[in-house]
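**Student:** Here is a sequence with its predicted model. Questions after.
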Amino acid sequence: MSDRFRDALQAVVTTPWQASAEQEKLAQALAAWFGAPCVARKDRSVQELCAKFAVEVVIVAGEPFKLYHRDADAPLFFHPSMAAQRIARRARGETDRMLRVGGIREGDIVVDATLGMAADAMVLSAAVGQTGRVIGLEQSAYVAQMLRAVQQFGSLTYPEAVQYLAKVDIIQANHSAWLAEQPDDSVDVVYFDPMFRSPNEESAALGPLRLFANRDQLQEEAVAQAKRVARRAVMVKERPSSGVFAKYQLQPDQPRRKIAYGVWRKHHE
């Protein structure tokens, strides 16, 4: 556990109410992984533990392990969301809209600059195959370290999804700063999905992520750096009505739909 994560996290780790020996062991391992104290549950609620130890997050070592934010109604935990179905449909020969619009192919290096819960990154991982690479950038130390923990400890609930997550290089960083450090034309595609377009539009799966993730709007500097770094294309998932596509010279694939993929392609592609 790096000092960077240790400084960023305000958490304790505990077990479920009735803990098994395996869960006790997992709690100790997660405490070491997150650089957080492991505390006895003692029939205390998550809110009581937050107050007792003056932390904002309680990590509960169940299956799957969950992150409870003191201000959230539901916990955050790893799940593939729609990624599993998308990967399965692609294996049957169906076309995935994101992959088609982005022109993603086997062997590509793709940057998912807004990793979140890594659903898109897992689909990208399946598409680029063993010869490709997916780099996932996530600014939240909680989310990045949670996904890395899943890579490290696995998931009995979603073992197949972990196989695709395992191939994602997860980097905890601000995407603008990270992209600014990369050489020109050093990856094939850079992808952005800002996710939090409005509270009324987000899915139930994204609700628990809201308190952990970076909710800033996509910035001009990030897109400019992405255009410099990408060899082929920059892609943004957004509402066509948001004005983002026009602002950044992105061509939406389906401008009449609620959500579209806007693409900028390098002239020499």
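**Tutor:** Thanks, I have it.

**Student:** quick one: the strands in the protein?
**Tutor:** Remark: strands assigned in the chain by DSSP state E are 11-14, 57-60, 66-69, 109-112, 133-138, 168-172, 187-192, 230-238, 251-252, 260-265.

**Student:** CA atoms only for the fourth one, dumped as PDB, please.
**Tutor:** Which is strand 109-112. What follows is strand 109-112 as a C-alpha-only set of coordinates in PDB (Å, rounded to 0.1, in the frame of the first residue of the first chain):
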ATOM      1  CA  ILE A 109      -3.800   0.000 -26.800                       C
ATOM      2  CA  VAL A 110      -6.900   1.800 -25.400                       C
ATOM      3  CA  VAL A 111      -7.100   4.200 -22.500                       C
ATOM      4  CA  ASP A 112     -10.300   4.300 -20.600                       C
END
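
**Student:** How far does that strand sit from its chain's centre?
**Tutor:** In terms of CA atoms, centre = their mean, to the nearest Å, the centre of strand 109-112 is found 13 Å from the chain centre.

**Student:** Let me see the mean pLDDT of that strand.
**Tutor:** Averaging pLDDT along strand 109-112 gives 98.

**Student:** Neighbouring strands - and their directions - for that strand?
**Tutor:** strand 133-138 (parallel), strand 187-192 (parallel) (DSSP bridges).

**Student:** What are the boundaries of the helices in the stretch 1-150 of the chain?
**Tutor:** Per DSSP state H, counting those that start in this stretch, the stretch 1-150 of the chain carries helices over the ranges 3-8, 21-34, 46-53, 83-91, 97-102, 119-128, 141-153.

**Student:** now for the ones you listed, which one comes closest to residue 265?
**Tutor:** Between residue 265 and those, the shortest gap by CB to CB is with helix 97-102, which sits at 9.9 Å. (Glycine included, C-beta is placed from N, CA and C.)

**Student:** export the strands paired with strand 109-112 to a markdown table and tack on distance to residue 253?
**Tutor:** Formatted as a markdown table, the strands paired with strand 109-112 follow (distance: least, CB to CB, whole Å):
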| stretch | distance to residue 253 |
| --- | --- |
| strand 133-138 | 21 |
| strand 187-192 | 13 |
